[in-house]
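[1] Structure, please.
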Amino acid sequence: MLAAPFYPRFDVVSIDITYEGALRTRAVHGPSGTTLITDPPVDNQGKGESFSPSDLVATGLGTCMLTIMGILAERQGWDLRGARATVKKHMVATPERRIGKLEVEIHVPGHFDEKQRTMLEKAGLSCPVHRSLHPEIEIPVRFVWGG
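    Numbering: from 1, shown residues only. The predicted structure follows:
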């Protein structure tokens, strides 16, 4: 009898979301209690006073990429402090309103050789959010080194 393959255990995170009216939601992160407010953008009947739900997708992508790169850097003893990402979200209207493109630019200060750069880029591109996004969303990624 063959043993079942090992899969790491991942915890389930609960996020409780309440619709507050006027198109605003309040989300509470179960483990920490941190609260996040969303509002739709002005071009979609909202006030644009906070992140929109699709803004959070773009935010999730950039923060996830930097986090996974950071995990690798810490394991290797590399200093990634000061690295930053800019994500430009492009919405499309046809055939339906959705995210059409997420342009990512990651700036990494300091000196990294070619092997380190390759490892960090591969780590960033393998982040769970990047791998979870629909393949119809264009996701060009540009790494800027030493900036």
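[2] so Glu20 sits in a strand?
    Yes - under DSSP: H, G, I helix; E, B strand; the rest coil, Glu20 sits within a strand.
[3] elements contacting the longest strand belonging to the chain?
    Of all the segments of type strand in the chain, defined by DSSP state E, the longest one is strand 98-108. Strand 98-108 is packed against helix 53-76, strand 84-92, strand 141-145, with contacts defined by 3 or more Cβ pairs under 8 Å, 6 or more residues apart in numbering; DSSP states H and E. Bear in mind the C-beta positions are built from the backbone N, C-alpha and C, glycine included.
[4] quick one: contacts of that strand?
    By Cβ atoms under 8 Å, 6 or more residues apart in numbering, the list of residues contacting strand 98-108 from outside reads 54, 57-58, 61-62, 65-66, 69, 80, 83-92, 120, 124, 133, 137-147.
[5] please redo it, this time with the cut-off set to 6 Å
    The contact list for strand 98-108, computed with Cβ atoms under 6 Å, 6 or more residues apart in numbering, reads 54, 58, 61, 83-90, 92, 137-145, 147.
[6] Give me the buried positions along that strand.
    Buried residues in strand 98-108, counted by 16 or more other Cβ atoms under 10 Å: 99, 102, 104-106, 108.
[7] And stretch 138-147, by the same measure?
    141, 143, 145.
[8] and the residue nearest to Ile139 when sequence neighbours are not counted, what are its bridge partners?
    In this structure, Ile139 finds its nearest non-sequential neighbour in Leu102, 5.1 Å apart by Cβ to Cβ, 6 or more residues apart in numbering. With DSSP bridges applied, Leu102 shows beta-bridge pairing to Lys89.
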